[in-house]
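Visitor: Next input, structure requested:
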Amino acid sequence: MVVLAELAFSASDLAQVRFAVSPMWEVAPSFRLLRSAAAHPVHRPWADQVRPRMVAAGLDRGWLSELIPPTGYVPDFLNPAPAGPAPTPAAERDAILDSPADRVRRDLAHLARHQRRLGPRLRTLHADPRTRLAKVTEELETYWELALAPYWARIRAVLDADIFYRARMVAEHGAGRLFDDLHASVSWDDNALRIAGRKQPLTRRTAGTGLLLIPSVFTGPGLRTRTTLPDPPQLAYPARGVGSLWNARPLPRTDTLAVVLGRSRTLLLTELETPASTTQLAHRTGLSPAGVSQYLTALRNAGLVSAHRAGRSVLYARTAAAETLLNAAST
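Guide: Now for the predicted structure:
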């Protein structure tokens, strides 16, 4: 195996290795997947639901369509270094909005070298980053709400499980085993992280201190990296368990759960295996739209359901608390 990149680690660098869950790191690869005509072997159920909503919202021909090409480089400012272990989407959008103008222009120039030109929107972004970044973050919010937020509880469970597994590996075997197990192209040897297949060099002169490891469900089989001083280098890798992400879950014992929540609320929770609107839920369950709306409000107030704007509709989704409750009822 030919090593094409090698990142040296001092004791201080090793002490600053950390994990983070980053909503924005899921945006570019998921957007690419939606724009691809190929049927993805894992994410097809998600894409089939989301793609029509993305097209209806015009996101396939907006800012993201120019910022995220089908292959190759994605501007680094779209992936700000997470300040904590799990920043909110809003916090990451704020970080993008605060990107220095010179960094935005530098990233766009890099994108232009890869794509041979910039689209009309990106030329205006290059000319006036401060004003146009607000348009970019508005579109990022729209994309998040219709494509990722309704599914985030399920996605987050996979990401958290991956981090738990790897944190336990470090505790039991040390950081070297963590790096050797992270990805087939990654290895640890002689105080350095080695990555095979990377086209550009990776040195401490071009990367900050430490290392930020980001599990991802959409990044695909490969690795994605970001090295922008003074931020720590970021390495996004495929999370464990992605293959079963969209598998149908076992039906809970609704009889026991209905005693606590009521039959109709329990029925709605089980129907929200995939996010749905009030109209869709009424059609599936036979409940009246007014009744569905009333029950969803109660479930939302209890923290079991979240609501997400998708064009003219509102999609409802189960929260992590609801997933825990249903899993408990299934045992």
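Visitor: what's the neighbour count on A321?
Guide: A321 sits with 14 neighbouring residues when counted by other CB atoms under 10 Å. Heads up, the C-betas are built off the backbone N, CA and C, glycines and all.
Visitor: which stretches of this structure form strands?
Guide: Applying DSSP state E to the chain gives strands spanning 3-8, 17-19, 186-189, 192-196, 211-216, 224-226, 234-238, 305-310, 313-318.
Visitor: ok, the third one: who's next to it in the sheet?
Guide: Each strand paired with strand 186-189, and its direction, by DSSP bridges: strand 192-196 (antiparallel).
Visitor: mind showing which ranges of the stretch 101-250 of the chain have poor pLDDT?
Guide: Within the stretch 101-250 of the chain, the ranges that satisfy pLDDT under 70 run 250.
Visitor: One more pass at 80, please.
Guide: Scanning the stretch 101-250 of the chain for pLDDT under 80 picks out the ranges 197-201, 248-250.
Visitor: E271: what's it in contact with?
Guide: 281, 284-285 (CB atoms under 8 Å, 6 or more residues apart in numbering).
Visitor: Reformat the residues you listed as TSV; add pLDDT, distance to A161 and neighbour count.
Guide: Below are the contacts of E271 laid out as TSV (pLDDT from 0 to 100; distance: CB to CB, whole Å; neighbours: other CB atoms under 10 Å):
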residue	pLDDT	distance to A161	neighbour count
L281	94	29	21
R284	89	29	14
T285	89	31	17
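Visitor: thinking again about what came up before, export the strands of the chain to CSV and tack on mean neighbour count?
Guide: Putting the strands of the chain into CSV (neighbours: other CB atoms under 10 Å) gives the following:
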stretch, mean neighbour count
strand 3-8, 16
strand 17-19, 18
strand 186-189, 17
strand 192-196, 19
strand 211-216, 23
strand 224-226, 19
strand 234-238, 23
strand 305-310, 19
strand 313-318, 21
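Visitor: closest to T203 out of those?
Guide: Among the strands of the chain, strand 3-8 comes nearest to T203, with 7.0 Å by CB to CB.
Visitor: What average pLDDT does the closest one get?
Guide: Here strand 3-8 scores 76 as its mean pLDDT.
Visitor: In JSON lines, list the strands of the chain along with distance to P289.
Guide: Formatted as JSON lines, the strands of the chain follow (distance: least, CB to CB, whole Å):
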{"stretch": "strand 3-8", "distance to P289": "56"}
{"stretch": "strand 17-19", "distance to P289": "43"}
{"stretch": "strand 186-189", "distance to P289": "51"}
{"stretch": "strand 192-196", "distance to P289": "53"}
{"stretch": "strand 211-216", "distance to P289": "37"}
{"stretch": "strand 224-226", "distance to P289": "43"}
{"stretch": "strand 234-238", "distance to P289": "41"}
{"stretch": "strand 305-310", "distance to P289": "15"}
{"stretch": "strand 313-318", "distance to P289": "12"}
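Visitor: so which of those comes closest to S264?
Guide: strand 305-310 (13.1 Å).
Visitor: which secondary structure elements does the closest one contact?
Guide: Secondary-structure packing of strand 305-310 (3 or more CB pairs under 8 Å, 6 or more residues apart in numbering; DSSP states H and E): helix 289-301, strand 313-318.
Visitor: closest to A248 out of the strands of the chain?
Guide: strand 313-318 (13.7 Å).
Visitor: Can you check what angle separates the closest one from strand 305-310?
Guide: 150 degrees (axes from the mean of the first three to the mean of the last three CA atoms, to 10 degrees).
Visitor: which other helices and strands contact strand 313-318?
Guide: helix 152-173, helix 278-285, strand 305-310.
Visitor: most neighbours per residue, which of these?
Guide: strand 305-310 (a mean of 19; mean count of other CB atoms under 10 Å).
Visitor: How far does stretch 311-326 sit from its chain's centre?
Guide: 17 Å (CA atoms, centre = their mean, to the nearest Å).
Visitor: got the contact list for that stretch?
Guide: With contacts defined as CB under 8 Å, 6+ apart, stretch 311-326 is touched by 53, 56-57, 146, 149-154, 156-157, 249, 252, 257, 269-270, 272-273, 275-279, 281, 296, 299-300, 303-309.
Visitor: My understanding was that D76 contacts R226; is that so?
Guide: Yes. Using CB atoms under 8 Å, D76 is in contact with R226, at 5.2 Å.
Visitor: What are the boundaries of the helices in the stretch 1-150 of the chain?
Guide: 11-15, 27-35, 44-56, 63-67, 89-97, 101-115, 120-127, 129-143 (DSSP state H, counting those that start in this stretch).
Visitor: Can you spell out which helices and strands pack onto the last one?
Guide: In terms of contacts (3+ CB pairs under 8 Å, 6+ apart), helix 129-143 is packed against helix 27-35, helix 63-67, helix 89-97, helix 101-115, helix 120-127.
Visitor: For L261, which of those helices is the nearest?
Guide: Nearest to L261, of all the helices and strands packed on helix 129-143, is helix 89-97, at 28.7 Å by CB to CB.
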